[in-house]
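> Structure, please.
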Amino acid sequence: MDSPTIKIAIAGIGNCASALLQGIEYYRNKPDEDLGLMHRDLGGFGPENIQVVAAFDIDVRKVGRPLREAIFAPPNCTKPIWKDIPDRGMKVQMGPILDGVADHMKEYHPDRTFVPAETDPVDVPSALRKSGAEILLNYMPVGSEKAARFYAEATLATGVSLINCMPAFIVSDPGFAARFTKAGIPIVGDDVKSQLGATILHRMLAKLFIDRGVDVKRTYQLNTGGNTDFLNMLERSRLTTKKISKTSAVQSQFIVPLNPDNIHIGPSDYVPWQADNKICFLRIEGEGFGGIPLEIEVRLSVEDSPNSGGVVIDAIRLCRIARDRGEAGPLYPVSAYFMKHPPIQVPDTAAKEMIEDFIAGERRASEPVQVGENGHPAS
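A predicted model of the protein is given here:
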């Protein structure tokens, strides 16, 4: 019996796409390896069952080139996982530029930024239909609101599921969510969490303070990095949804949200020599027994793009299971566990339990989660 195949398309062949594709080949060539995976087998699907059938980008060094080469082309700079990528005849197609390139990036060396190809974009819905893609990953740069909505419309037009990995509010937008539900298309979003990154660590520490009776007074999360994502985010006008997404992910842990003046979360600066390494500086100040001050500071260093791969590889497989089961609209526990700005925020431990129940066929992922006043799912 042939192994099942999950056919995916990718919009944005940057570091995240590169890490994901290399990771798929890594596990394909190491069938007994489960290092770094939350699930080696998920509903009968392994990482090796994921196949890219369509890819879209706008950079002259990627458009028209075989995907196996494009994932290593500048400005990509993530650490290699698996360099021997087989040639499956896939070439990167030109997508619409729209707002995918920030103006300030023209001031930097081409090896650090995007260099738009001078060619007409393909008909994306037609390309999706021709490829047979079941799921589209949106890896557009932060601030690409028009581009995110373009690809969302393309999936609605073709019946392809959307996994929105960027902080444009699509899945968490009630209007879009209703349209995907009516169309019978399961979706996951918005804004991917890392497997063990700044946001999930911040959420867990905030929850620990709360559960142990420590009153959080103020907190910050400052992040620096040297990849194209951080360079893109030097244009502060592109950061609005990113800051909302990251802040709401942490605020959701508090019964009473912190005053906006007492919480600061977001990208802080671009440090070129860090490349794809992301460094987070995290501080939480609180008061414990008798009002005595308590403070914690953490420094986290991670390779940014592979850190999302371990999450997306599960989101893809869960989305395919939902398609097979005829579910439609936002997949609530999947989005809550894997995304910073889901339609409904759910504590991570509860979302994980719901996902395991979904895998076992004991619940529907598209059934809205009822959350009580304490922030936990209502019984």
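> Can you give me the buried ones in the longest helix along the chain?
Scanning the chain for the longest helix, with DSSP state H as the assignment, gives helix 304-324. Neighbour-count burial for helix 304-324, counted by 16 or more other C-beta atoms under 10 Å, picks out 304-323. All C-beta atoms are positioned from the backbone trio N, CA, C, and that covers glycine.
> same deal with stretch 153-170?
Per 16+ other C-beta under 10 Å, stretch 153-170 contains these buried residues: 154-156, 158, 160-170.
> That stretch - what's its average pLDDT?
In this model, stretch 153-170 has an average pLDDT of 97.
> Could you tell me the end-to-end distance of that stretch?
10 Å (C-alpha to C-alpha, to the nearest Å).
> ok, now which ones touch Ala55?
Ala9, Ile10, Ile13, Ala17, Leu67, Ala70, Met90, Lys91, Val92, Gln93 (C-beta atoms under 8 Å, 6 or more residues apart in numbering).
> If we use 7 Å, what do you get?
Contacts for Ala55 (C-beta atoms under 7 Å, 6 or more residues apart in numbering) come out as Ala9, Ile10, Ile13, Leu67, Met90, Val92, Gln93.
> about what we covered before: can you name every helix or strand that the longest helix of the chain contacts?
strand 6-11, helix 15-28, strand 135-138, strand 161-164, strand 186-188, helix 332-338 (3 or more C-beta pairs under 7 Å, 6 or more residues apart in numbering; DSSP states H and E).
> winner for burial among those?
strand 186-188 (a mean of 30; mean count of other C-beta atoms under 10 Å).
> ok, that strand: who's next to it in the sheet?
Strand pairing for strand 186-188, using DSSP bridges, gives strand 161-164 (parallel), strand 329-330 (parallel).
> can I get the helices and strands packed on helix 304-324 in JSON lines with distance to Gln274?
Formatted as JSON lines, the helices and strands packed on helix 304-324 follow (distance: least, C-beta to C-beta, whole Å):
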{"stretch": "strand 6-11", "distance to Gln274": "24"}
{"stretch": "helix 15-28", "distance to Gln274": "12"}
{"stretch": "strand 135-138", "distance to Gln274": "25"}
{"stretch": "strand 161-164", "distance to Gln274": "26"}
{"stretch": "strand 186-188", "distance to Gln274": "29"}
{"stretch": "helix 332-338", "distance to Gln274": "25"}
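> how many degrees apart are the longest helix of the chain and helix 15-28 in direction?
70 degrees (axes from the mean of the first three to the mean of the last three C-alpha atoms, to 10 degrees).
> What's the mean pLDDT across helix 304-324?
Here the average pLDDT along helix 304-324 is 97.
> quick one: it to strand 6-11, angle?
Using the same axes, to 10 degrees: helix 304-324 against strand 6-11 is 130 degrees.
> how long is stretch 318-335 from one end to the other?
Start-to-end, stretch 318-335 (C-alpha to C-alpha) is 10 Å.
> Run through who's touching it.
6, 42-43, 45, 134-135, 161, 163, 171, 177, 180-181, 184-189, 315, 342-344, 346, 351, 354-355, 358, 364-366, 368-369.
> mind showing which ranges of the stretch 201-350 of the chain have poor pLDDT?
Applying pLDDT under 70 to the stretch 201-350 of the chain picks out no residues at all.
> residue ranges for the strands of it, please.
Along the stretch 201-350 of the chain, the segments classed as strands by DSSP state E, counting those that start in this stretch run 215-225, 263-270, 277-287, 293-303, 329-330.
> Need the winner for burial among these.
strand 329-330 (a mean of 27).
> Just the helices from the stretch 1-150 of the chain, written as ranges.
Per DSSP state H, counting those that start in this stretch, the stretch 1-150 of the chain carries helices over the ranges 15-28, 67-70, 124-131, 145-158.
> Any chance of those in TSV with distance to Tyr337 as columns?
Listed next are the helices of the stretch 1-150 of the chain as TSV, based on distance: least, C-beta to C-beta, whole Å:
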stretch	distance to Tyr337
helix 15-28	18
helix 67-70	29
helix 124-131	27
helix 145-158	21
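> Let me know which of those is the nearest to Ile292.
helix 15-28 (43.0 Å; C-beta to C-beta).
> Packing partners of that closest one?
helix 304-324.
> If I take the helix it packs on and strand 277-287, what angle do their directions form?
80 degrees.
> Roughly how far does Val216 sit from Leu222?
Noted for Val216: a distance of 17 Å to Leu222, by C-beta to C-beta, to the nearest Å.
> And Arg363, how far from Lys7?
26 Å.
> go on, Glu287?
From Glu287 to Lys7 the distance is 53 Å (C-beta to C-beta).
> what does Ala275 give?
31 Å.
> quick revisit: with distance to Gln22 as extra columns, can I get the strands of the stretch 201-350 of the chain in TSV?
As requested, these are exported to TSV (distance: least, C-beta to C-beta, whole Å):
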stretch	distance to Gln22
strand 215-225	19
strand 263-270	24
strand 277-287	17
strand 293-303	12
strand 329-330	29
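> closest one to Val124 among those?
That would be strand 329-330 among these, by C-beta to C-beta, at 22.1 Å.
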